[in-house]
Each structure stands twice: as structure tokens, then as C-alpha cells.
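[1] Here's a sequence, model it:
(chains A and B)
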Number of protein chains: 2
Amino acid sequence: MVKIGLLGCGTIGSGVVELLERDSCRKNDLSIEKILVRNKDKHYNKPYGCKLTDSFNDIISSDVDIVVEVMGGIDPAYFYVKQSLLKGRHVVTANKDLIAKFGSELQNIARQNGVRLLFEASVGGGIPIIKPLKECLAANNITEIRGIVNGTTNYILSRMDSSGLDFETALKEAQQCGYAEANPEADILGLDAARKLAILSSIAFRISVNYEDIPVQGINNISADDISLARYLGCSVKLLALSRKTDHGIMARVAPVLLKNTDSLARVSDVYNAIVVKGDAVGDVLFFGRGAGKLPTASAVVGDIFDIVRHNMSSQGVEDCKLEDPAPVKLDTAGCKSDFLIRVKVNDRIEAMNIIAGLFSRFELIFPERAKLGRLIDQDQVIFVAHDIYETDIDKRIDLLGTADCIDNVLSILRVEGEA
Amino acid sequence: MVKIGLLGCGTIGSGVVELLERDSCRKNDLSIEKILVRNKDKHYNKPYGCKLTDSFNDIISSDVDIVVEVMGGIDPAYFYVKQSLLKGRHVVTANKDLIAKFGSELQNIARQNGVRLLFEASVGGGIPIIKPLKECLAANNITEIRGIVNGTTNYILSRMDSSGLDFETALKEAQQCGYAEANPEADILGLDAARKLAILSSIAFRISVNYEDIPVQGINNISADDISLARYLGCSVKLLALSRKTDHGIMARVAPVLLKNTDSLARVSDVYNAIVVKGDAVGDVLFFGRGAGKLPTASAVVGDIFDIVRHNMSSQGVEDCKLEDPAPVKLDTAGCKSDFLIRVKVNDRIEAMNIIAGLFSRFELIFPERAKLGRLIDQDQVIFVAHDIYETDIDKRIDLLGTADCIDNVLSILRVEGEA
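    Reported below is the predicted structural model:
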């Protein structure tokens, strides 16, 4: 009999309970012993009511073998997980905040205490990505990770595209559908995506990528104009998480981009997630599925529980991926070039085009026809795609653009990306 | 030091040698001890020349820990793999013929001898699919597998679509590019896909699916007309491998189908492979990548070698997937309905339409405009889509259609499938 202590019984937690109640789990002799919740009264009429506790002490002083953490957040999850590992309990977690911030420390503690720390559900919900990356693709030198790893923002951008909604309306709709939280900041500002990218990059590149070092741009400034223009240019706007090995280290960023519709990630819509891993032997491999939700996430959590059981509850001979390296790398964007779609509000078109021509040696003016665009873009805008701009240079040029008298302000700057 | 004996050094074998020569493998203390080839003279000037042997006895009597079989085919691979397992050597193989036919027997032998038999490379080349299916998705009740699992046929169909080639020309081109073998039968008749489908289904449904029981239809009768019509109907022709749990057992088949372009598999082109796994908890998960080729396949083989090393060369506590069940199921298509695109050559259009109306209660006549079709279809054809036909009924109706005087012959029958 393998005894499980569950920390948290919200959406994901109740999914874990549901899957563990199945015959296939009973056959594996898995049993939930205790469930930690903040407020026992909220769960009193549930079938698992007799297992509830509001004290972590009840869990850690019991004889549970595996602690499953599905509370989310850092505090008190960090303390609970650390205590569990120190007391020789295996831990399975779905908590990307925790793993992105304390993953390497916790993994060291697990190793020292002869137990395992697994976190497949922390990235991509139910999509198998962490295990395939660290095990199946281990023969590869992984050179790039590209992904749509945040379902909330992808839903909002999909709705803006499919129904012409503006950002605020699409966000409200996402909140009503339960796809966005009441406080949606971590999602829409790209922080959630950066945490997941840091976890994936650390595994793929076998070095410690600190999520706080990753430059992040959210989708909160994306307008209906941007979405229409993207479509006009044969692209979709996506919040892309990207990391890449360069000659000097690692480059990584999270930002909304115009993704060419020929790119395999451009058609990933709604709350779906997809991740493309580039390996020098295997080429591009894409993993696609539901990146969030009760049962998809629980599927990954219970998959990890099975993994621990399959290995006879032992950490012997199971080298789980290391999340760290002695010296964290400096994220590097030197030498990287991108194309940018730039919109500026002008008071003098001719003079503005002169300024643009002076700042960007290769650029392409866009004059969208109203009929094809499906909406009217203000006449006082100049829209252009600047080609082959060094990432390290773009901010300076945009600053110069903004200070020109003929330009009132810079409305938007979006990278154009994607494989043809 | 982990010692490897390699059986075969053709395309995949030389890829395995290349990957194992890398620093990351040397760090893992992996070393190729012996390489079995049929003709040593062909390899005499290679850097690994000193390791060559043309006698399996040299391999099995040496102290290799892992035997890697990349020869392909049943004979002598079956004998070599069996001997290796019996002598207590772990085996990694890329051989789908072998696993589809003898997988469960060989896995039993492996278990009895305390060693492991891994075969990630046997399906989907470099795409991680077997391990994710058996481990990451273990909490799911898998209800369906749909895939494009044969790169050769997908290349041929893609070329017919993109360049209007006929089947013979596209096949010749595929042979020139090295994507099709001199004897392409196993690929174009769908046998290779059926073997891979049997392996995936056995793992997913945890029952023994015999590949010889799977109804198979190849792409050899697909004409340029079929491809044009598919495009006209918003579909692509794909060789689809499909298996599904039904109320009565398992249904499985390999056949060319018209896949709606909205389906996630419709855009998988050239030699790429993709597999969609449907789990009751996770929903649809898609895996995409290079389904064949030297380094992609070698990536999966070496991933399996790493797996054995990671588990300390032990089979203890590693429950590899079982490929068998005491009672093999009868494949079941009862109750399954499909839509079919049917083309018949007629000598009396009106009378033919009468016959069709009598045989198919719900059908839709197709009169493609030449301009939209991009080619001329013979005027003596009647083309229609028959809806909701029981799979168990279609053959009988087609027979009746063929015997009608007004119908010269049935030109093609293709299922219409795909998710909108």
C-alpha cells in the first residue's frame, strides 16, 4: 500500500482525488491518507471528508510515502515541500512558481534524503514534456525551446483574433470562463510563461536559468489593431516563450510576437499549449495538448506518482534531471537579430518616414487596405516592418524614434517570427 | 564502463555510432565494443573499423552489457535479440517488424532473465511516443490512437498534392530521395503503418493487438483525381493509422482517408510523423517530429541506452510496458460509421444516380468546377459523399454498386474523417 498525502484540494487537487479513486489506481494499491485544506468546512460533504485536515503536522507526522503538493504559490508550499523532503517523503508537485524559484535547492534536498521530487505538471499541464525532454531526448544537444505555454493569454489572443474583441473584453470573457484568475497579472504580464520557460530551459540546456533574468513582455498592450495587422500580414499574435543556445550563452525571452501562419505554433489556439524542442539529432519535435485544467493537470500529477511507484519507491538508480549548475548563466541576446512590426502615431508623415529611413536601413512600409484589414486604422499612423535589427539595438532606436518631433508616440513594437 | 554491442551498421547504426562518439556519451562511460556487419570490407576505412565483426558469436561471447539491434527485419534479428536476452543482455531495438511480431514473447524472455527490452525508435523515429504513452499518460484510460506513422507514404501523398504528381512519379521521386526503398511494398501497402499501430495500440490499450488482424489499405490506388477532389473538399489525403476502444473491443485500421484540413493531422506533410493520443483525463495530446532518418532514429535508440544506464543497468523496479494480455482481442468495427467519398465510372448518369440513391440513404453529389479543381475529371464519372455508413456495410454496398449495369466500375472509395 502506497500512502499519499495531498496538500490542497482545489481544482487540480480534486482532479487528483478523482483519478486516484479509479480502479487502475486501486489496483496499484495507491491510497490517499490525508488531505490538507485551509477550510475543512468547505469540503464537509465530500466523500473524502474523513481524510481532511487543516494542519500540515497531521500530514508530516503520519506515515504517508508521497506528498502531492497542488496548492500553488510559494508560501506555505515551499515550507511544506521542503519539510516533506527532509522527512524522507517523495514529493510530486504541479507548482511552477515553486520549481522555477526553488527547484534546484529542493532537488538537492531530495537527493540528500534519498527521495524524488517530480514536477511534470508544472509545465504544459497534461502534455508530457519534462520526462520526454530529460529522458527520451537525452542524446541530443538541445539548441532551442519555443513554446506557447500559457493558456490564459493564448485564449485571450485567440478570442481577439476570432471575434475582433479588444483586450479588456477578451480578458473579461476569459475570467468568466474560468480561464483567467481574478488577478490575472502573472498570466497577462508573461510572468507565468517565464517561469515555465526557465524550468524547461534549465532541463534542456542543463544549466540554471533564473526566471527573474528572462526579459518579459506581456500581452496587456496588444490592441485590436495589432491583431488585424498580424492577420493582414499572414501572421497570428502569440505570446511566445523562447530560449536558445548562442555562442555566448543562452538567450531567452517571453514576448508577444507575430508568428507566420506557416509556423507550427501559429495554429495553436484557445487554451491549448504547444512546445517545440529543437535537438541536433532529432530536429524539431512538437508536443501539443491541454496546458491546464483539472483532469489534464491531474493526469500529469498521477503520472508522476506512478513513476515513483514503478521504481519501487526508491530513488536508487533513478537520476532525475538536475535543475542547476554551479554558475548560473548570464542570459545573452548579443548577436540576435529580429524583424519588428512597428506602429507610430505621427503629425507629419513625410518627415516621419525620413526619420524611419534614417534609423532603419531595411524596412518595409505597410499600407493596409481597409477592405482586406476588416477595420479602419487611424490615418495618422505610420506602420512598417524593420528587418534584421539587433536585439541589443532595438530599444535605442525606438527611443530615438519616440523623441522625433514629427512622431507623437510609438504605438506598438512586435517581433515577426516563425518558420516558413 | 558500459559496453555496447551493435548489430548492424547501416543508416541508423552509423547514426548510433555518431551519437555515442559524442562527449556527453563518453562522459556516461558508454563504449561500443563490437559492431556486427554482414560485409566487413564495406566498412574497412571507417574509424570504428577495428570493432567490426561478421560473427554474432563474437558479440554474444564478449562482455557487452547492452545489445543494440538496428539491422531491421525478422531474420536473423529475432534470433540475435532472443539469444542476447537469454544471455542476460539488455536489448535496445529500432525494429518495428520484430516488436510487432515477437514483442510480447521477447519481453517475457527479458523479464525472466532480469534484463530490459526497449524499442522507442520502433515507432515515430525520433519522436518520444512509447515512453510518454506508457509512463506519462499512465493515469489515463486511453481511448484512441490516430497517427501518420509512415514517412514514405506521407512524402508521396504530399508531393502528389503540392506538385500534382501521379502516384508512380511521386514514388520514383521518393526512391531517388532515399525516402522509399527499392522494394517499397511494406510502406505503400500500409503494412509498416499497421505494425507501428499494433505496437502503439498494445501499449495504449494494454492488450495484445496482432498487426496481422488489422485491416490495411495502401496508397497505391490513390490517383491524382483523388488528391484534387480532396483539396476541392477542403481535405488532404493521408494514410491514417487509427485504433479505438469500442464497447465490444478494439477497432483498428490503416487506410488512406480524406482528412479535413481543420484536423491537427492534416497539415503534417513530407516525411514527418504525428500521433494523437486521446486519454480520458488529458484529452488529445499530439506528438510531432521526424518519423525516420539516421540521426532522429539514432536519437531514440541512444535515449533508450541512456535509460538503461540511468537505472544502473538493472531491471529491478523498472516495470517496462507489457505488450501482451492472455487473450488477444478480436478487432471490432461493429457499430462504427464513416463517411465515404466514392467515385464510379458510369455509362448512364441518370440510372447510376438512381442506383446510388437506392443504396445510400444520405449522400451528396459532387460536381467539381474545373476552375476550382485545377484539373479536368472525366465526364463519365459520378462522384458523391455517402454519409453515416456502417463500416460493416460498406463492402456489400460497393459490391452492389459494382454489379449495376449502368456502372462500369468503382474508381475509388475513401473515408472522410477529421475533427473540425
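[2] The residue most central in space within chain A and residue A:300: what is the separation?
    Nearest residue to the geometric centre of chain A (CA atoms, centre = their mean): residue A:193, 2.9 Å. Note on residue A:193: its distance to residue A:300, by CB to CB, to the nearest Å, is 18 Å. Any C-beta I mention is one placed from the backbone N, CA and C, and that applies to glycine too.
[3] now swap in residue A:103 and tell me
    Taking CB to CB, one finds residue A:103 at 16 Å from residue A:300.
[4] Doesn't residue A:110 belong to a helix?
    Yes: assessed by DSSP: H, G, I helix; E, B strand; the rest coil, residue A:110 belongs to a helix.
[5] May I ask which helix or strand of chain A has the lowest mean pLDDT?
    helix A:23-27 (a mean of 68; mean pLDDT, DSSP states H and E).
[6] quick one, phi psi at residue A:69?
    Main-chain dihedrals, residue A:69, degrees, to the nearest 10: phi -100, psi 110.
[7] scratch that, residue A:216 is what I was asking about
    In terms of degrees, to the nearest 10, the main-chain angles of residue A:216 are phi -130, psi 130.
[8] hey, what's it bridged with?
    Beta bridges link residue A:216 to residue A:254, judged by DSSP bridges.
[9] Check residue A:366 too.
    residue A:383.
[10] Tell me how many other residues crowd it.
    When neighbours are defined as other CB atoms under 10 Å in any protein chain shown, residue A:366 has 18 of them.
[11] Could you verify my assumption that it touches residue A:386?
    No: the pair residue A:366 / residue A:386 is not scored as a contact, 11.2 Å apart, by CB atoms under 8 Å.
[12] Show me chain A divided up by domain.
    A:2-118+A:294-310, A:130-290, A:337-417 (automatic domain parsing).
[13] So which of the ones you listed is the most surrounded?
    The highest average neighbour count among the domains of chain A, using mean count of other CB atoms under 10 Å in any protein chain shown, belongs to domain A:130-290 at a mean of 21.
[14] Does stretch A:146-155 reach chain B?
    No: Stretch A:146-155 stays clear of chain B (CB under 8 Å from any CB of the partner chain), getting no nearer than 12.3 Å.
[15] Between the two ends of that stretch, how far is it?
    18 Å (CA to CA, to the nearest Å).
[16] can you list contacts of it?
    With CB atoms under 8 Å, 6 or more residues apart in numbering or on different chains as the test, stretch A:146-155 has contacts from A:123-125, A:170, A:174, A:177, A:179-181, A:184, A:187-188, A:190, A:192-193, A:196-197, A:200, A:218-219, A:238-242, A:265, A:268-276, A:278, A:290-292.
[17] quick revisit: please, which helix or strand holds the residue nearest to the centre of chain A?
    helix A:191-205 (DSSP states H and E).
[18] Also residue A:98?
    Per DSSP H and E: helix A:96-112 holds residue A:98.
[19] for residue A:340, same thing?
    Here residue A:340 is assigned to strand A:337-346, by DSSP H and E.
[20] Starting from that strand, tell me the next helix or strand along the chain.
    Heading C-terminal from strand A:337-346 (DSSP H and E), you reach helix A:349-359.
[21] Could you check the angle that following helix makes with strand A:337-346?
    Taking axes from the mean of the first three to the mean of the last three CA atoms, to 10 degrees, one finds helix A:349-359 and strand A:337-346 inclined to each other by 160 degrees.
[22] and helix A:349-359, what other elements does it pack with?
    In terms of contacts (3 or more CB pairs under 8 Å, 6 or more residues apart in numbering or on different chains; DSSP states H and E), helix A:349-359 is packed against strand A:337-346, strand A:363-366, strand A:381-390, helix A:391-403.
[23] got a list of contacts for that helix?
    The contact list for helix A:349-359 (CB under 8 Å, 6+ apart) reads A:344, A:346, A:363, A:365, A:382, A:384, A:397, A:400-401, A:404-407.
[24] thinking again about what came up before, the inter-axis angle of the strand holding residue A:340 versus strand A:381-390?
    160 degrees.
[25] Which residues does strand A:337-346 contact?
    Contacts with strand A:337-346, where a contact means CB under 8 Å, 6+ apart, come from A:225-226, A:229-230, A:233, A:258, A:352, A:356, A:366, A:378, A:380-391, A:394, A:398, A:401, A:406-417.
[26] That strand: how far from the chain's middle?
    Distance, stretch centre to chain centre, for strand A:337-346: 25 Å (CA atoms, centre = their mean, to the nearest Å).
[27] for chain A, which spans come out with low pLDDT?
    Across chain A, residues meeting the criterion (pLDDT under 70) sit at A:24-27, A:317-329, A:371, A:374, A:376, A:420.
[28] what distance separates the helix holding residue A:98 from the centre of its chain?
    Worked out by CA atoms, centre = their mean, helix A:96-112 lies 18 Å from the chain centre.
[29] Which other helices and strands does it contact?
    Applying 3+ CB pairs under 8 Å, 6+ apart, we find helix A:96-112 packed against helix A:77-86, strand A:90-93, strand A:117-118, helix A:191-205.
[30] Need the ones you listed in JSON lines (columns: distance to chain B).
    Putting the helices and strands packed on helix A:96-112 into JSON lines (distance: least, CB to the nearest CB, whole Å) gives the following:
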{"stretch": "helix A:77-86", "distance to chain B": "20"}
{"stretch": "strand A:90-93", "distance to chain B": "12"}
{"stretch": "strand A:117-118", "distance to chain B": "11"}
{"stretch": "helix A:191-205", "distance to chain B": "13"}
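[31] just so I know, which of these lies nearest residue B:47?
    Of all the helices and strands packed on helix A:96-112, it is helix A:191-205 that lies closest to residue B:47, at 29.1 Å by CB to CB.
[32] That closest one - contacts with which helices or strands?
    helix A:96-112, helix A:130-131, strand A:142-148, strand A:235-245, strand A:250-260.
[33] 10 Å instead, please
    Applying 3 or more CB pairs under 10 Å, 6 or more residues apart in numbering or on different chains; DSSP states H and E, we find helix A:191-205 packed against helix A:96-112, helix A:130-131, strand A:142-148, helix A:151-163, helix A:185-188, strand A:235-245, strand A:250-260, strand A:272-279.
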